[in-house]
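1. generate a structure from the sequence data that follows.
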Amino acid sequence: MKTETRRLLVALIFSVCLTSFAEADLAKKIDGIIGKSSHAKVRFSIHILKADTGETVYAHDANNAMVPASNMKVIITAAALKYLGPDYKYKTKVGLCGDSLAVIGSGDPLLGDENTDTKYGRKAGWIFEDIAAVLKKNGIANIGDIIVDAGIFDNQRVHPNWPKEQLNFWYACEVSGLNFNDNCVKITAKTVDGKAVIEIEPQTGFLDITNKVVPVQGGKSTVGSYRQPEPNKIVVYGKCREKAGPFDVAIEQPAMFFATLLSENLGRAGIKVNGRPVERPIDPNCNFKMLAEYSTPLTDCLGRANKNSLGLAAEGMLKTIAANARADKKNGSWAEGRQVISQYLLSLGIDKGEFNIDDGSGLSRENRLSANVLTAVLLDVYRGKNWQLYKDCLAEGGVEGTIGRYFKEEKYKGKIFGKTGYIEKVKSFSGVCNTKKGDYIFSILANNANDHSREAINDIAEAIIDEAEKQEQARNSG
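-> Coordinates of the predicted model:
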């Protein structure tokens, strides 16, 4: 009996020592990786912990609040899962208010999203065809106005701290209670018979396009666009040899964009629109008669935010959380969303000095998170009943999403799940590593980042797996 007890005690001591040595090796390796970046004045906040125990295995300035870029989406998606629930669905309603056709937005950020439509085998513009078919089925050949109600969100569609010069890019599109096609159009320039021609998709008269593209016979095609002060007046400029694009351009007034497209498509389908598109709340006394409802699961939004870093998905969820917290379930705002998210972080015991919530996508440079904040949130989700669902919404190393092109080696492929982040001089990566020694939750934030910072960040993630496997091999050989 004493011999068996002694054997177990020795094994326990060996295990503890092995773990300590492994953690020391991991720390040495990571210190070496970030040391190479020190000459470039890159600043890191790093935290790594064992998921099963919550024990810290490595920390470097883990409590320092830094600009997180798109790692903000980790916080927003976790909060959406907590406050809205895994079964939540966005529901866009279409019906009649008298002789007018009314569309009530739900804040759905993926209505008409190309990626989501492809997933479900839907072709572009399917919703307009379906609404036309529903009207015909109900014997409706004429309608008055097309009313779009985007009141689930407030009227602040552009965040004040987003870079003004980037507002026409897809990742800085407006956020509305009624979104469509990621609130963008695709623009293509072509040279036809010696002239530059501009095509937009979806085709619509909603935009006023000024063509300043010059056709050229040699060199590369370089085409871009910029906005005019008046909404939805876009100048397309540059030079085009044969074809340039398509590239995405963000539009303004998304709800009216949808209403205009609906009017145009109904006309082509033989439904006469006698009125005009108008954005306003529907009259509560109009006896709204619902004809159709279109839903999007929250899980799709989580995936588009975390796998593909779609900013609109994150901002839509932030404002939905805000609206859901209000008694009237309307007027979801960034301000109220920030309050809910902040309370969530404080409830996890996080010091208020370690974070500042400004937007949901991470485009604002006023956001601040420490690596400790991100690992605390991921650990909270890990310990909950929805971890597998959440993990499935993260990008998968070597397989899909923003890290699909990284971690291709067999020992890393399919074992690293996370969310990347990037804005100028900021790079980040947070998630989980599946190893033979169990799961490790990590967060790596780099500010004053350079072209080599992403490689350093990926090296740290790989080091977690390398050292865990080394420890397991040592244990087996012992």
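2. next, the distance between the ends of stretch 266-273.
-> Using CA to CA, to the nearest Å, the end-to-end distance of stretch 266-273 comes to 8 Å.
3. before we move on, what SS does residue 320 have?
-> helix (DSSP: H, G, I helix; E, B strand; the rest coil).
4. what separates it from residue 74, distance-wise?
-> 17 Å (CB to CB, to the nearest Å). (Each C-beta comes from the backbone N, C-alpha and C, glycine too.)
5. now the helix or strand containing residue 75, how far from the centre of its chain.
-> Per DSSP states H and E, residue 75 falls inside helix 72-84. Its chain's C-alpha centre and that of helix 72-84 lie 11 Å apart, by CA atoms, centre = their mean, to the nearest Å.
6. likewise for stretch 389-396?
-> Offset of stretch 389-396 from its chain centre (CA atoms, centre = their mean): 12 Å.
7. pull out the buried residues from it.
-> 390, 391, 393, 394, 395, 396 (16 or more other CB atoms under 10 Å).
8. spit out the contact partners of the spatially closest residue to the third one that is not a sequence neighbour.
-> If I follow you right, that is residue 393. Leaving aside its chain neighbours, residue 393 sits nearest to residue 302 (3.9 Å; criterion: CB to CB, 6 or more residues apart in numbering). Contact analysis of residue 302 by CB atoms under 8 Å, 6 or more residues apart in numbering lists 77, 80, 81, 313, 317, 389, 390, 393.
9. from residue 70, how far out is residue 302?
-> Taken as CB to CB, the span from residue 302 to residue 70 is 14 Å.
10. cool, residue 435 as well?
-> Applying CB to CB to residue 435 and residue 70 gives a distance of 25 Å.
11. cool, and residue 83?
-> 20 Å.
12. who's more crowded, these two?
-> Each of residue 83 and residue 70 has its neighbours counted (other CB atoms under 10 Å); residue 70 has more, 28 against 17.
13. what about residue 348, neighbour count?
-> Neighbours of residue 348 (other CB under 10 Å): 11.
14. nearest residue to it in space, please, no chain neighbours.
-> residue 376 (5.0 Å).
15. report the contact partners of the one you found.
-> By CB under 8 Å, 6+ apart, residue 376 lies in contact with 345, 348, 349, 350.
16. doesn't it belong to a helix?
-> Yes - under three-state DSSP, residue 376 sits within a helix.
17. where does residue 198 sit, in terms of helix or strand?
-> Using DSSP H and E, residue 198 falls within strand 195-201.
18. for the residue nearest to residue 348, give its distance to residue 209.
-> Where residue 209 is concerned, residue 376 sits at a distance of 48 Å (CB to CB).
19. and what of residue 198?
-> 6 Å.
20. residues shared between the contacts of those two?
-> In contact with both residue 198 and residue 209: 187, 236, using CB under 8 Å, 6+ apart.
21. backbone dihedrals for the residue nearest to the spatial centre of the chain, please?
-> With distances taken as CA atoms, centre = their mean, residue 305 lies nearest the centre of the chain, 2.3 Å away. Note on residue 305: backbone dihedrals following degrees, to the nearest 10 are phi -70, psi -40.
22. setting aside sequence neighbours, what's the nearest residue to it?
-> residue 313 (4.0 Å).
23. what of residue 199?
-> Closest to residue 199 by CB to CB, 6+ apart is residue 188, at 4.6 Å.
24. from residue 195, how far out is residue 211?
-> 9 Å.
25. and what about residue 159, helix, strand or coil?
-> Secondary structure, three-state DSSP: residue 159 is coil.
26. mind listing what the closest residue to it other than its chain neighbours touches?
-> With sequence-adjacent residues excluded and distances taken as CB to CB, 6+ apart, residue 159 is closest to residue 359, at 5.0 Å. Residue 359 is in contact with 72, 159, 161, 162, 315, 318, 334, 366, 367, counting by CB under 8 Å, 6+ apart.
27. hang on, the first one packs against residue 362?
-> Yes - taking contacts as CB atoms under 8 Å, residue 72 lies within contact range of residue 362: 3.5 Å.
28. where do the contact lists of these two overlap?
-> With CB under 8 Å, 6+ apart as the test, residue 72 and residue 362 both reach 314, 421.
29. give me the pLDDT value at residue 2.
-> The per-residue pLDDT reported for residue 2 equals 54.
30. wait, residue 36
-> Reading off the model, residue 36 has pLDDT 79.
31. ok, residue 472 next?
-> 70.
32. same question, residue 16
-> 42.
33. and for the one 10 residues further on?
-> Residue 26 carries a pLDDT score of 92 in this model.
34. as a whole number, average confidence for the helix or strand hosting residue 226?
-> In this assignment (DSSP H and E), residue 226 forms part of strand 222-227. Looking at strand 222-227 alone, the average pLDDT works out to 95.
35. then stretch 94-103?
-> 97.
36. quick one: residues in contact with that stretch.
-> 92-93, 104, 131, 134-135, 140, 142-149, 178, 258-259, 262, 266, 274-275, 282-283, 286-294.
37. residues in contact with the closest residue to residue 243 other than its chain neighbours?
-> Nearest residue to residue 243 in three dimensions, chain neighbours excluded: residue 190, at 5.1 Å (CB to CB, 6+ apart). Shown in contact with residue 190 (CB under 8 Å, 6+ apart): 196, 197, 199, 240, 242, 243, 244.
38. now with 7 Å?
-> 197, 199, 240, 243 (CB atoms under 7 Å, 6 or more residues apart in numbering).
39. quick check, pLDDT for the second one.
-> Per-residue confidence for residue 199 comes out at a pLDDT of 96.
40. so it touches residue 192, yeah?
-> No - look at residue 199 against residue 192 with CB atoms under 7 Å: they stay out of range, at 10.1 Å.
41. who has more neighbours out of the two?
-> residue 199 (15 against 10).
42. ok so, going back, identify, from the contacts of residue 376, the entry nearest to residue 171.
-> Nearest to residue 171, judged by CB to CB, of these is residue 345 at 24.4 Å.
43. now do the helices in the stretch 201-350 of the chain.
-> 254-268, 298-306, 311-324, 334-347 (DSSP state H, counting those that start in this stretch).
44. among those, which comes closest to residue 57?
-> helix 334-347 (22.5 Å).
45. can you name the element that comes right after the closest one?
-> Moving toward the C-terminus from helix 334-347, the next element (DSSP H and E) is strand 355-356.
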